[in-house]
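J.: Sequence plus predicted model, see below.
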Amino acid sequence: MTGTVPLNAYLILSAALFAIGVIGVVIRRNALIIFMAIELMLNAVNLTFVAFSKFLGSMDGQIIVFFVMAVAAAEVALGLAIIIALYRNKESVNVDDINLLKG
Amino acid sequence: MEWLLFVPLAVLALATAALVILLRNPIYCALALVGTFFALSGLYLLLQAEFVAVVQVIIYAGAIMVLFLFVIMLLDVGHEPPPWLRQDRPKLVLGLGLVALLVLELAVAIGSWIAPGIRGPYTSDYVNAVGNTQLIGRLLFTEFLIPFEITSIILLIAIVGAMVLARRQ
């Protein structure tokens, strides 16, 4: 195993991480775990951005990752606040129990 | 040499990511996710993105995961039954089928992608000579100044919104 790692290796790893995140959203019912799976998907995309940034000789990807992280931090703060508010009303974080908007 | 670092980090990232969605105790899931963040941070270092690697550890592994752990401990969420014991199996199969479709699509996209060969000005040597963090700082305060300022507004709104949402009525 010598030489540099090609771009495709990073893309495949990133796609695998993204797929694991999607599977997590599909199979889990705990709102907190679903949230963690979404974070996993955001990180997979960040890896793609940084890999492209390196291999195309551009800095824009890393700047975008900075913005993604800032928005992810805001998203986590708001999402967890919503989960806490839901838990106060429903005594549960299972997404099957949360059907307030169901007709 | 690069492969010697890439393969263990990639395996660590995939293994801990799988643990996040498979473990039943949410605390263990959160700790596994910290492992994924550290592995990705190592990969960013391998890609010569030092600033992103450090920010990854500080923001994700530091701030965001601590927030997650706080909420998990605050809510006493308990364990959920494993997915294969659930009642709504058709829905689960449909969802996993869609995931398989997505994986197929990603595989085709990666397989058919051809590098355009357009190289930007930030070559490896140039970035090493000037410094990764210095370049990012310069770009943030010149070319990306307005998005950068908007980010601060987003964070302010998030702080206020979180206070309002989580407040006891």
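T.: Nice, I can see it. Numbers count the residues shown, from 1 in each chain, chains lettered A, B, ... in the order given.
J.: going forward, measure contacts between C-alpha atoms and count neighbours the same way
T.: Noted.
J.: Which residue would be the closest one in chain A to chain B?
T.: Among the residues of chain A, residue A:57 lies nearest to chain B; the distance is 4.5 Å by Cα to the nearest Cα.
J.: what pLDDT does that residue get?
T.: Among the per-residue scores, residue A:57 holds a pLDDT of 85.
J.: okay, now it: neighbour count?
T.: Counted by other Cα atoms under 10 Å in any protein chain shown, the residues lying close to residue A:57 total 19.
J.: do the same with residue A:60
T.: By the measure other Cα under 10 Å, the count of residues near residue A:60 is 21.
J.: Who are the contact partners of the closest residue to it other than its chain neighbours?
T.: With sequence-adjacent residues excluded and distances taken as Cα to Cα, 6 or more residues apart in numbering or on different chains, residue A:60 is closest to residue A:53, at 6.7 Å. By Cα atoms under 8 Å, 6 or more residues apart in numbering or on different chains, the contact list for residue A:53 reads A:59-62.
J.: Surely the residue of chain A closest to chain B touches residue B:125?
T.: No. Under the criterion of Cα atoms under 8 Å, residue A:57 is not in contact with residue B:125, lying 10.2 Å apart.
J.: could I get the host helix or strand of residue A:19 in PDB with only the CA atoms?
T.: Taking DSSP states H and E as the criterion, the element that holds residue A:19 is helix A:7-27. What follows is helix A:7-27 as a C-alpha-only set of coordinates in PDB (Å, rounded to 0.1, in the frame of the first residue of the first chain):
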ATOM      1  CA  LEU A   7     -10.300  11.200  -4.500                       C
ATOM      2  CA  ASN A   8     -12.600   8.200  -5.200                       C
ATOM      3  CA  ALA A   9     -11.600   6.600  -1.900                       C
ATOM      4  CA  TYR A  10     -12.800   9.600   0.000                       C
ATOM      5  CA  LEU A  11     -16.000   9.800  -2.100                       C
ATOM      6  CA  ILE A  12     -16.800   6.100  -1.400                       C
ATOM      7  CA  LEU A  13     -16.200   6.500   2.300                       C
ATOM      8  CA  SER A  14     -18.300   9.600   2.400                       C
ATOM      9  CA  ALA A  15     -21.200   7.800   0.500                       C
ATOM     10  CA  ALA A  16     -21.000   4.900   2.900                       C
ATOM     11  CA  LEU A  17     -21.200   7.200   5.900                       C
ATOM     12  CA  PHE A  18     -24.100   9.000   4.300                       C
ATOM     13  CA  ALA A  19     -25.900   5.700   3.600                       C
ATOM     14  CA  ILE A  20     -25.400   4.600   7.300                       C
ATOM     15  CA  GLY A  21     -26.900   7.900   8.300                       C
ATOM     16  CA  VAL A  22     -30.000   7.400   6.100                       C
ATOM     17  CA  ILE A  23     -30.400   3.800   7.400                       C
ATOM     18  CA  GLY A  24     -30.300   5.200  10.900                       C
ATOM     19  CA  VAL A  25     -33.100   7.600  10.200                       C
ATOM     20  CA  VAL A  26     -35.200   4.800   8.600                       C
ATOM     21  CA  ILE A  27     -34.700   2.100  11.200                       C
END
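J.: doesn't residue A:9 make contact with residue A:48?
T.: No. Using Cα under 8 Å as the test, residue A:48 is too far from residue A:9 to be in contact (10.4 Å).
J.: more neighbours, those two?
T.: The neighbour count for residue A:48 versus residue A:9, taken as other Cα under 10 Å, is higher for residue A:48 (20 against 15).
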